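K.L.:
The following comprises the amino acid sequence and a computationally predicted model.
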Amino acid sequence: MTTSLVIISCLVGGVTGLIAGIKNHLAGAPLILAVAGAILGSIILTYVAILLTNVAILTVIILIVAAIIVGIYYAVQWGRSLLGR
């Protein structure tokens with residue numbers, strides 16, 4: 001069960017990082033780092049969720065992570081607009 005959750009989270013994290021990287025016009029090493037960071041984050045969150053098996057806590061963690069991802073996306077967009085890209 002744990003292995004399946006980690007594999008699924010790696011896939012979701014990788015796809016999320018890839019989509020975010022492409023959406024922000026990243027290429028080469030920055031795109032690889034975006035994907036790797038998303039995968040690492042998803043693995044960490046999966047293990048935290050496994051350790052905190054309470055469903056309510058898991059739901060809160062998922063909501064916090066979603067808010068962080070949206071916040072990072074808009075921070076990147078804001079930074080890009082300041083740089084004139």
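P.N.:
Noted; the coordinates are in hand. The model shown is predicted, which means the values in this text are computed figures rather than measured ones.

K.L.:
which residues of the protein fall in helices?
P.N.:
2-23, 29-51, 55-83 (DSSP state H).

K.L.:
gap between the longest one and the chain center?
P.N.:
Same thing as helix 55-83. 9 Å (CA atoms, centre = their mean, to the nearest Å).

K.L.:
before we move on, the earlier item: export the helices of the chain to a markdown table and append columns for mean pLDDT and mean neighbour count.
P.N.:
Using the backbone N, CA and C atoms, a C-beta is placed for each residue, glycine as well. Output for the helices of the chain, formatted as a markdown table (pLDDT from 0 to 100; neighbours: other CB atoms under 10 Å):
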| stretch | mean pLDDT | mean neighbour count |
| --- | --- | --- |
| helix 2-23 | 70 | 15 |
| helix 29-51 | 73 | 16 |
| helix 55-83 | 73 | 11 |
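
K.L.:
Centre-most residue in this structure?
P.N.:
Of all residues in the chain, the one closest to the mean position by CA atoms, centre = their mean is residue 38, 4.0 Å from it.

K.L.:
what residues are up against the nearest residue to that residue once chain neighbours are set aside?
P.N.:
In space, and not counting its chain neighbours, residue 38 is closest to residue 17: 2.9 Å by CB to CB, 6 or more residues apart in numbering. Listed by CB atoms under 8 Å, 6 or more residues apart in numbering, the contact partners of residue 17 are 34, 35, 36, 37, 38, 39.

K.L.:
So residue 17 versus residue 33, what's the distance?
P.N.:
9 Å (CB to CB, to the nearest Å).

K.L.:
likewise residue 7?
P.N.:
22 Å.

K.L.:
hang on, the earlier thing: could I get the contacts of residue 17 as JSON lines with distance to residue 84?
P.N.:
Shown next, in JSON lines, are those (distance: CB to CB, whole Å):
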{"residue": "34", "distance to residue 84": "21"}
{"residue": "35", "distance to residue 84": "26"}
{"residue": "36", "distance to residue 84": "28"}
{"residue": "37", "distance to residue 84": "25"}
{"residue": "38", "distance to residue 84": "27"}
{"residue": "39", "distance to residue 84": "31"}
